[in-house]
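Undergrad: Sequence first, predicted model second:
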Amino acid sequence: MLDGGASAASGLEKSLLDWYRRYQRPLPWRGEHDPYRILLAEVLLQQTRVAQAIPYYHRFLERFPTLEALGRAPLEEVLRVWQGCGYYTRARNLHRLARQTSALPPTYAGLRELPGLGPYTAAAVASIAFGEAVAAVDGNVRRVLSRLHAWEDPSPKRLQQSAQGLLEGALGYGSPGEWNQALMELGATVCTPRRPACSRCPLERFCRGKGQPERYPLPKSRRPKPIELTALILGGPMGVYLEPRSGGVLGGLWGVPMEEGPGGLERLLKRFGLEEARFVGRLRHDFTHRRLQVWVYQAPWARVEDPRRRPLSRLDQKILSLLDTA
DNA sequence: AACGCGGGGAG
DNA sequence: CTCCCAGCGTT
């Protein structure tokens, strides 16, 4: 590498890579070369914190060690391993991907065609698994770059261009995959959403936003919508009646019958030809954009099954657990 | 561009 | 309590 050449890493790029090599967290997928495992980690990490993803990473690989093993498995079994992790479209897409592909394409463009791989995940896998020089911009990178440039609300295009420029500046000193992960790691551990540790940041002297980090980027707030539900547990501790959920909400999983809004209990009773049901409790469950309040009732039923045999959402697990406490 | 989609942990 | 996370697909 020639000194001072355009291909040499500038101070910023070298500072971050030196920091990353010293302070990166030891994670299960660090140093991994198997593209399938790298893909799995990236999909699990979509909108999901590292600590939450790690147990699922291990148990998923234990059950589906290869892309072929995943493709051979029934979807319902894949969902059962994924249950409790949220965003179940990820599991459905991963299964669909495994069914249609025997080997992952080694380029960003090829990966981008696969179900469940958007701009971020395709770039992450292309760079980390295959060494392609494409910038991966996730929420961490968006925050780091917003602060670095003092941008309050940068467009995705602007962020991508900035990230790509930095990555290319870093090529002389580190690999694309290492650089992308370094930027994300900084956002996850130092340049955090609230109370960032600027004094420990290797980029502090390059950062235009360090004076007021909370301002870059500006937070976007959205109020969750309150929803009232009535749930009916048919059966008892030995077994319950479950039905498959269709549509976007918890689709592909199973759950107890539920109705939304006033008169929910009456509609449920009518649906199953019942006269009455016993009130067992009330619980709250929050999604990002919804605040659920669920009134739970119970009635005897003949056609029941073991709920452990079905993929259930956390919401349905909470509902059923009311039986144990009540 | 805006919205729906889970679940959990930090502060 | 609020915020938001190694985002994606649909409209």
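TA: Alright, I've got the coordinates.

Undergrad: For the stretch 151-300 of chain A, which segments are assigned as strands?
TA: Along the stretch 151-300 of chain A, counting by DSSP state E, counting those that start in this stretch, strands occupy A:225-236, A:239-240, A:243-244, A:254-255, A:258-260, A:278-286, A:290-299.

Undergrad: Let me know which of those strands is tucked in deepest.
TA: For those, average neighbour numbers computed from mean count of other Cβ atoms under 10 Å are highest in strand A:254-255, which has a mean of 22. Yep, even glycine has a C-beta here, placed from its N, CA and C like the rest.

Undergrad: Looking at the strands of the stretch 151-300 of chain A, spot the one closest to DNA strand C.
TA: strand A:278-286 (6.9 Å; Cβ to the nearest atom of the strand).

Undergrad: Touching the closest one from outside, list them.
TA: For strand A:278-286, the external contacting residues (Cβ atoms under 8 Å, 6 or more residues apart in numbering) are A:224, A:233, A:291-299, A:314-315, A:318-319, A:322-323, A:325-326.

Undergrad: Pairing partners for that strand, with directions?
TA: Paired neighbours of strand A:278-286 in the sheet (DSSP bridges): strand A:290-299 (antiparallel).

Undergrad: could you check whether the strand it pairs with is close to DNA strand C?
TA: No. Shown here: strand A:290-299 not in contact with DNA strand C (Cβ under 7 Å from any atom of the strand), separated by at least 7.9 Å.

Undergrad: roughly how far is that strand from the heart of the chain?
TA: With Cα atoms, centre = their mean, to the nearest Å as the basis, strand A:290-299 stands 26 Å off its chain's centre.

Undergrad: tell me the mean pLDDT for it?
TA: For strand A:290-299, mean pLDDT is 86.

Undergrad: quick one: contacts of it?
TA: Counting by Cβ under 8 Å, 6+ apart, A:224-234, A:236, A:258, A:264-265, A:268, A:272, A:274, A:276-286, A:315, A:319, A:322-323 sit against strand A:290-299.

Undergrad: What residues of the host helix or strand of residue A:60 count as buried?
TA: Residue A:60 belongs to helix A:50-63 when assigned by DSSP states H and E. Residues A:50, A:53-54, A:56-57, A:60-61 are the ones in helix A:50-63 that count as buried (16 or more other Cβ atoms under 10 Å).

Undergrad: The residue of the stretch 1-150 of chain A found nearest DNA strand B and residue A:71, how far apart?
TA: Nearest residue of the stretch 1-150 of chain A to DNA strand B (Cβ to the nearest atom of the strand) works out as residue A:86 at 2.5 Å. According to Cβ to Cβ, to the nearest Å, residue A:86 and residue A:71 sit 23 Å apart.

Undergrad: Spell out which residues belonging to chain A are near DNA strand C, please.
TA: Residues of chain A lying near DNA strand C (Cβ under 7 Å from any atom of the strand): A:27, A:29, A:41-42, A:45-50, A:87, A:89, A:93, A:115-122, A:124, A:138-140, A:143, A:181, A:184-185, A:187-188, A:193, A:219-221, A:286, A:288.

Undergrad: Now list the buried members of the residues you listed.
TA: Buried among the residues of chain A next to DNA strand C by 16+ other Cβ under 10 Å: A:27, A:29, A:41-42, A:45-46, A:50, A:93, A:116-117, A:119-122, A:124, A:138, A:140, A:143, A:181, A:184-185, A:187-188.

Undergrad: Keep only the residues you listed that also lie close to DNA strand B.
TA: Within these, nothing lies near DNA strand B by Cβ under 7 Å from any atom of the strand.

Undergrad: just for the stretch 151-300 of chain A, where's the confidence low?
TA: A:221-224, A:247-248 (pLDDT under 70).

Undergrad: all helices for it, in order.
TA: Assigned by DSSP state H, counting those that start in this stretch, the stretch 151-300 of chain A shows helices spanning A:156-170, A:176-189, A:264-271.

Undergrad: Flag every residue of the stretch 1-150 of chain A that's near DNA strand B.
TA: Checking the stretch 1-150 of chain A against DNA strand B by Cβ under 7 Å from any atom of the strand, the hits are A:47-49, A:51-52, A:83-89.

Undergrad: If we use 10 Å, what do you get?
TA: Within reach of DNA strand B by Cβ under 10 Å from any atom of the strand, the stretch 1-150 of chain A has these residues: A:44-53, A:55, A:82-92.

Undergrad: so of the residues you listed, which ones are in strands?
TA: Among these, the subset assigned to strands under DSSP state E is empty.

Undergrad: Please list all residues in contact with the residue nearest to residue A:193 when sequence neighbours are not counted.
TA: Of all residues beyond its chain neighbours, the one nearest residue A:193 is residue A:143 (6.6 Å), with distances taken as Cβ to Cβ, 6 or more residues apart in numbering. Listed by Cβ under 8 Å, 6+ apart, the contact set of residue A:143 reads A:187, A:191, A:193, A:216-217.

Undergrad: Okay then, goodbye and thanks.
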